[in-house]
Structures are given as C-alpha cells and as structure tokens.
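> After the sequence you'll find the predicted model.
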Amino acid sequence: MPVPPWSTRSPGCAPGRAGAPRVVGDTFVYRDESHVAESYAEALTPVLRQELRKLGMLGG
C-alpha cells in the first residue's frame with residue numbers, strides 16, 4: 001500500500017524530527033516517541049477506512 005501523505009510514516013514524520021507535526025488542528029499526533037495518540041487514531045479512522053475500501057481490503 002502506498003504511504004499516504006497523512007500517514008505518520010511519511011518521510012520526516014517521526015517525533016522529534018524537523019517537520020513532524022505534533023498537533024494537527026486541535027489534536028495531538030503522538031502519545032510518545034513511537035505511538036500515535038488515541039485521539040489522532042480515532043480522527044484518522046474514517047480516512048483509513050475509505051482508503052482500505054478503495055484498495056478492496058475492507059468490505060462494506
């Protein structure tokens with residue numbers, strides 16, 4: 001699966017790296033150095049669901 005631009009695995013998007021967003025809108029991105037915050041994961045759920053459906057990896 002291609003890495004989408006909203007993914008925290010995109011180049012430069014790691015905690016402590018220049019250019020890595022720590023907050024998007026009013027939502028914290030990271031819980032710690034290797035985990036996204038629960039609120040950010042919840043905010044991405046509809047986006048991820050849509051992408052997985054496009055790829056035929058999720059029914060419905």
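That came through fine. Numbers count the residues shown, from 1 in each chain.

> What about Glu33, how many residues nearby?
Neighbour count for Glu33, taken as other CB atoms under 10 Å: 8. In short, each C-beta sits where N, CA and C put it, glycine included.

> which stretches of the chain form helices?
Listed in chain order, the helices of the chain (DSSP state H) span residues 38-54.

> shaky segments in it?
Along the chain, segments meeting pLDDT under 70 span 1-20, 60.

> do that again at 90, thanks
1-36, 44, 48, 51, 55, 58-60 (pLDDT under 90).

> quick one, strands of it?
23-24, 27-28, 30-32, 35-36 (DSSP state E).

> Indicate each strand paired with the first one and its parallel or antiparallel sense.
Sheet neighbours of strand 23-24, with direction, are listed as strand 27-28 (antiparallel) (DSSP bridges).

> Contacts for the partner strand, please.
Under the criterion CB atoms under 8 Å, 6 or more residues apart in numbering, residues Arg22, Ala37, Ser39, Tyr40, Ala43 lie in contact with strand 27-28.

> any chance of those residues in a markdown table, with distance to Glu51 and neighbour count too?
Shown next, in a markdown table, are those (distance: CB to CB, whole Å; neighbours: other CB atoms under 10 Å):
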| residue | distance to Glu51 | neighbour count |
| --- | --- | --- |
| Arg22 | 23 | 10 |
| Ala37 | 20 | 16 |
| Ser39 | 20 | 13 |
| Tyr40 | 16 | 20 |
| Ala43 | 14 | 16 |
